[in-house]
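1. got a sequence here, can you build the structure:
(chains A, B, C and D)
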Number of protein chains: 2
Amino acid sequence: MFSKACQYGIKSVIYIWKQSQIDQKVGAKETAAYVDAPEPFTAKILQELVRKKIIGSQKGPSGGFYIGKEHEAISLMDLVVAIDGDGLFTGCGLGLKVCSELDPCPLHHEINKIRIEMIDMLTKKSLKQLAEEVESGETVLRRLV
Amino acid sequence: MFSKACQYGIKSVIYIWKQSQIDQKVGAKETAAYVDAPEPFTAKILQELVRKKIIGSQKGPSGGFYIGKEHEAISLMDLVVAIDGDGLFTGCGLGLKVCSELDPCPLHHEINKIRIEMIDMLTKKSLKQLAEEVESGETVLRRLV
DNA sequence: GCAAATAAAGATAGAATTATCTTTATTTGC
DNA sequence: GCAAATAAAGATAATTCTATCTTTATTTGC
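-> Numbers count the residues shown, from 1 in each chain, chains lettered A, B, ... in the order given. This next block holds a predicted model:
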């Protein structure tokens, strides 16, 4: 469903959010280690997210990635689209050039229904909410064993 | 959502079904042309589907791919799994090694809900049904313009 | 100003997916 | 039996995704 890059991105951003709550910027290395993702690849993804204004960054000692007021409204949807693009949500699910309500491909209605639910879920979930659920222990971001 | 191979596979199998209804075996070339997919790639996919008993094939003149009684119970789910594997439906959506109802990843419940709907849809849709809807004009398999 | 820490950028490599080409095996119709 | 048609198998190439390494640019603390 999501690419590896996207999976790493989602987990990283939740961690960065969590640390930003206690005013800590976090490095790519620390983040990658925490979410169990390859470090240089994670760094690339975070770089890209900064470019797209999903998160912020600061160079130099005690620098790192962070999430500030300006990123608070970011939804999971924004994040996923920033990394994977909108291919999951738009275009024909079977790759037809022409596919619409009027000329639906054999899976048009079915895929549409699932897409709507997916978009709904990703739009409603804020990163804040995800981070808070991890914080409270409702969900887990990494294995602690 | 589905790989290209899977998209080509789904469309091809619907066409093959349709032709099997009128007792016509169809070649890889004809199938690929009909569903607007690259020919050698389509041939490979169909080969694989034969190996997995999703469709049948016969060599020689007036041979080709077909769908017989023995394939009638095949669901879309069988087809998708045969080509893309079950990665869409199993394992953690964020790639965590440990993720379950008891130790859910931040998206576990949400992804589960969508997966259940997807599995439900793919399991209930038979290839027969898809082919009949194309036949009746309810849905379209390729652009006719 | 300088050293250290960090992100950013760019180059490279490995693996998987997508796609093509060539050769071989089988089947049919004559 | 032979030619033609077709699927099957195997080799190769192109592209994209995943991953790493190296160099450069910034920023901080001293």
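
2. A:Gly56 pairs with what?
-> Counting by DSSP bridges, A:Gly56 is bridged to A:Tyr66.

3. I figured it hits A:Tyr66, correct?
-> Yes: the pair A:Gly56 / A:Tyr66 is scored as a contact, 5.2 Å apart, by CB atoms under 8 Å. C-beta: built from backbone N, CA, C; applies to glycine.

4. in the helix or strand bottoming out on mean pLDDT in chain A, which residues are buried?
-> When the helices and strands of chain A are scored by mean pLDDT, DSSP states H and E, helix A:127-136 comes last with a mean of 92. With burial defined by 16 or more other CB atoms under 10 Å in any protein chain shown, the residues of helix A:127-136 counted as buried are A:127-128, A:130-134.

5. same question for stretch A:53-73.
-> Neighbour-count burial for stretch A:53-73 flags A:54-57, A:64-67, A:71 (criterion: 16+ other CB under 10 Å).

6. do stretch A:4-20 as well
-> Buried-residue list, stretch A:4-20, by 16+ other CB under 10 Å: A:5-20.

7. contacting chain B as well, which ones from these?
-> For chain B, the contacts drawn from the buried residues of stretch A:4-20 by CB under 8 Å from any CB of the partner chain are A:7-8, A:10-11, A:14.

8. tell me which stretches of chain A form strands.
-> Along chain A, counting by DSSP state E, strands occupy A:56-58, A:64-66.

9. I'd like the distance between A:Gln21 and B:Glu133.
-> Noted for A:Gln21: a distance of 51 Å to B:Glu133, by CB to CB, to the nearest Å.

10. what does chain A put close to chain B?
-> Checking chain A against chain B by CB under 8 Å from any CB, the hits are A:1-2, A:4, A:7-8, A:10-11, A:14, A:88, A:93-99, A:103-108, A:110-111, A:113-114, A:117-118, A:121, A:125, A:130, A:133-134, A:138-143, A:145.

11. picking that back up, what's the closest of the buried residues of stretch A:53-73 to A:Asp36?
-> Nearest to A:Asp36, judged by CB to CB, of the buried residues of stretch A:53-73 is A:Phe65 at 17.1 Å.

12. near DNA strand C, which residues of chain A show up?
-> Applying CB under 7 Å from any atom of the strand, one finds that chain A approaches DNA strand C through A:25-29, A:40, A:43-44, A:46-47, A:50-51, A:57-65.

13. near DNA strand D, list only the ones from those residues.
-> Answer for the residues of chain A next to DNA strand C near DNA strand D (CB under 7 Å from any atom of the strand): A:40, A:43-44, A:58-63.

14. dump those to a markdown table, plus pLDDT.
-> Converted to a markdown table, those look like this (pLDDT from 0 to 100):
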| residue | pLDDT |
| --- | --- |
| A:Pro40 | 96 |
| A:Ala43 | 97 |
| A:Lys44 | 97 |
| A:Gln58 | 95 |
| A:Lys59 | 94 |
| A:Gly60 | 92 |
| A:Pro61 | 92 |
| A:Ser62 | 90 |
| A:Gly63 | 92 |
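
15. just the ones of those residues in helices?
-> Counted as lying in helices by DSSP state H, out of those, are A:40, A:43-44.

16. let's have those residues in JSON lines, adding neighbour count.
-> Formatted as JSON lines, these follow (neighbours: other CB atoms under 10 Å in any protein chain shown):
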{"residue": "A:Pro40", "neighbour count": "10"}
{"residue": "A:Ala43", "neighbour count": "18"}
{"residue": "A:Lys44", "neighbour count": "14"}
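
17. correct me, but A:Ala43 touches A:Ala33?
-> No: when contacts are counted by CB under 8 Å, A:Ala43 is not listed as touching A:Ala33 (11.9 Å).

18. what count of nearby residues applies to A:Pro38?
-> Applying other CB atoms under 10 Å in any protein chain shown, we find 12 residues neighbouring A:Pro38.

19. which residues sit in contact with the closest residue to it other than its chain neighbours?
-> The shortest distance from A:Pro38 to any residue that is not its chain neighbour, by CB to CB, 6 or more residues apart in numbering or on different chains, is 6.6 Å, and that residue is A:Ala32. Listed by CB atoms under 8 Å, 6 or more residues apart in numbering or on different chains, the contact partners of A:Ala32 are A:8, A:12, A:38-39, A:41-43.
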